[in-house]
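**Q** sequence unknown, structure follows:
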């Protein structure tokens with residue numbers, strides 16, 4: 001695996017650890033929001049009690065990825081690994097950031113498939129679909 005590919009994995013792991021912390025908090029808040037109703041009618045609200053953490057985490061993940069994509073300089077993993085994502089040699093537009101965030105969120109939900117593909121092809125599935133390239137940032 002080349003240096004850029006390893007940096008991409010490192011950036012993903014850094015961002016994923018941070019995201020998991022916040023997703024855990026969002027999931028817990030989702031469970032708390034549903035808990036009162038669940039305690040009153042457990043059989044009726046059980047499914048919502050179980051789905052609340054998942055739904056809150058997925059929504060947070062999509063918003064998190066979008067904010068990092070559109071603002072560019074906020075992404076801790078990419079900043080620490082000194083890499084950037086480009087679409088056609090340019091920074092992301094609003095539409096590209098939105099599409100990238102949606103696809104990244106979907107493929108993070110099926111991460112074993114995404115990670116296996118990355119190990120075999122050295123690129124993310126959503127990067128291939130959107131024709132996104134990874135480049136090293138120049139030292140500043």
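**A** Structure received. Treat the numbers as computed from the prediction; the structure is a model and nothing was measured. Numbering: from 1, shown residues only.
**Q** helices along the chain, start to end?
**A** For the chain, the helices defined by DSSP state H cover 3-40, 42-71, 76-81, 94-109, 111-121, 125-130.
**Q** residue 137 is nearest to which of the ones you listed?
**A** With CB to CB as the measure, helix 76-81 is the member of those nearest residue 137 (8.1 Å). Heads up, the C-betas are built off the backbone N, CA and C, glycines and all.
**Q** below-threshold pLDDT in this structure: ranges please.
**A** Applying pLDDT under 70 to the chain picks out residues 1, 138-140.
**Q** so which residue of it lies furthest out from the middle?
**A** Most distant residue from the mean C-alpha position of the chain: residue 40, 35.0 Å away (CA atoms, centre = their mean).
**Q** got CSV for the helices of the chain, with distance to residue 88 too?
**A** Formatted as CSV, those follow (distance: least, CB to CB, whole Å):
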stretch, distance to residue 88
helix 3-40, 18
helix 42-71, 15
helix 76-81, 18
helix 94-109, 9
helix 111-121, 20
helix 125-130, 10
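**Q** thought residue 132 was touching residue 89?
**A** No. Judged on CB atoms under 8 Å, residue 132 makes no contact with residue 89 at a distance of 10.7 Å.
**Q** circling back: so which of the helices of the chain comes closest to residue 136?
**A** Residue 136 sits nearest to helix 3-40 of all those, at 6.6 Å, using CB to CB.
**Q** which helices and strands sit right next to the closest one?
**A** Counting contacts by 3 or more CB pairs under 8 Å, 6 or more residues apart in numbering; DSSP states H and E, helix 3-40 packs against helix 42-71, helix 76-81, strand 83-87, helix 111-121, strand 132-136.
**Q** who touches the last one?
**A** Taking CB atoms under 8 Å, 6 or more residues apart in numbering as the criterion, the residues outside strand 132-136 that touch it are 4, 7-8, 82-87, 89, 96, 100, 123-124, 126-127.
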